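Peer 1: Compute the structure for the input listed below.
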Amino acid sequence: MPVLVTGARRSGTSMAIKALRDSGVWLGTDDNFAKAYSQNPKGFWEHISLWNLANKVMESVYVDFSVDGIYPYHSLDWDKVDGNLQKELALITDTLQRESVEKGFSDWGFKAPMMSLAIPYWYHFIPNLKIVIMFRHPAESALSLVKGGTSLKEKGQSNFRYSVRLWKQTYDLILHYKAKNPDMDLLITDYRDWIQQPGCTLRDVLKFSDLPIDDTKVSKAVAEITPALYRFNKQRVSDEKYRIAEDLAGDVYEKLLGMKQIMG
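Peer 2: Numbering: from 1, shown residues only. I've put the predicted structure just below:
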């Protein structure tokens, strides 16, 4: 089954999709991906052409879309997606599917945090799509985003507070979509579980995605997931930042903790 890994920015989507790649999921050739740098030293694993087209989808269906904007539910209009745009998307996804077969991979997948804002579109556009949602404490995601050099401000709010609001908006939308589509194949996974018990978490995701589990490949993938990746944790995020984030988005975070699935 094809698999989409998504969630708020700086929530571990790159780590998760790389683990799936190491486990046998085809993501494309190396020249399809953005280059790694200090913010993501092990790579982003995001298909550049697919990412660009996904942004165009968002521009089509959201009023006043911008990468750093806030997205009200009422602005959605999936009928506005241009037919030529859909053909371009189909060409890329069909190519990924064909290449996965030709190269002997178990299936194909892709990763893009921005796509979390358009889950219903992708769910209906790609038959049998499995959706893996990554989430992380909003204080950690927001501080990672700000420290990574992203400038996010609105009406005098600090970068950190606004980043927490974006985090909350993203998962509010995901929970909204799930409530309206209870049969959607969607798995919610916690960044901390990936760090603290990577083998169990990766196996859960592979099971959910109906993908084969190769012990050798899983071991290799798990070896790449190190605690050093968990840079924005309680040693680097102040108690005050955790308090601010929980005041702004704690209700959504608690819902995600209650919905995350450890399949065993």
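Peer 1: contacts, neighbours, all on C-alpha from now
Peer 2: OK.
Peer 1: how about the strands in the protein?
Peer 2: For the chain, the strands defined by DSSP state E cover 3-7, 25-26, 107-111, 130-135, 186-190.
Peer 1: Next, format the ones you listed as a markdown table and append mean pLDDT, distance to S14 and mean neighbour count.
Peer 2: Converted to a markdown table, those look like this (pLDDT from 0 to 100; distance: least, C-alpha to C-alpha, whole Å; neighbours: other C-alpha atoms under 10 Å):
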| stretch | mean pLDDT | distance to S14 | mean neighbour count |
| --- | --- | --- | --- |
| strand 3-7 | 94 | 8 | 27 |
| strand 25-26 | 96 | 14 | 24 |
| strand 107-111 | 93 | 7 | 24 |
| strand 130-135 | 95 | 10 | 25 |
| strand 186-190 | 94 | 13 | 22 |
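Peer 1: got a markdown table for the ones you listed, with distance to S144 too?
Peer 2: As requested, the strands of the chain are exported to a markdown table (distance: least, C-alpha to C-alpha, whole Å):
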| stretch | distance to S144 |
| --- | --- |
| strand 3-7 | 14 |
| strand 25-26 | 27 |
| strand 107-111 | 19 |
| strand 130-135 | 13 |
| strand 186-190 | 16 |
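Peer 1: Which one of the ones you listed lies nearest to M259?
Peer 2: The closest of those to M259 is strand 186-190. By C-alpha to C-alpha, the value is 6.7 Å.
Peer 1: what comes into contact with that closest one?
Peer 2: 130-136, 178, 201, 205, 208, 256-257, 259-262 (C-alpha atoms under 8 Å, 6 or more residues apart in numbering).
Peer 1: 10 Å instead?
Peer 2: Strand 186-190 is contacted from outside by 3-7, 11-12, 16, 119, 123, 129-137, 174, 178, 201-202, 204-205, 208-209, 256-263, using C-alpha atoms under 10 Å, 6 or more residues apart in numbering.
Peer 1: partner strands of it, parallel or antiparallel?
Peer 2: Here strand 186-190 has these sheet partners by DSSP bridges: strand 130-135 (parallel).
Peer 1: Kindly calculate the angle that the strand it pairs with makes with strand 3-7.
Peer 2: Orientation check (axes from the mean of the first three to the mean of the last three C-alpha atoms, to 10 degrees): strand 130-135 against strand 3-7 gives 20 degrees.
Peer 1: Off-centre distance for strand 130-135?
Peer 2: 6 Å (C-alpha atoms, centre = their mean, to the nearest Å).
Peer 1: can I get the CA coordinates of it in CSV?
Peer 2: Backbone C-alpha positions of strand 130-135 (Å, rounded to 0.1, in the frame of the first residue of the first chain) are rendered in CSV as follows:
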residue,chain,number,x,y,z
LYS,A,130,-2.2,4.7,4.3
ILE,A,131,-1.6,7.9,6.2
VAL,A,132,0.9,8.1,9.1
ILE,A,133,0.7,11.2,11.3
MET,A,134,3.7,12.3,13.2
PHE,A,135,3.3,14.5,16.3
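Peer 1: still on that earlier bit, quick one: closest of the strands of the chain to T170.
Peer 2: Of those, nearest to T170 by C-alpha to C-alpha is strand 3-7, at 7.4 Å.
Peer 1: Show me what the closest one is packed up against.
Peer 2: helix 13-22, strand 107-111, helix 119-125, strand 130-135, helix 159-180, strand 186-190, helix 198-208 (3 or more C-alpha pairs under 10 Å, 6 or more residues apart in numbering; DSSP states H and E).
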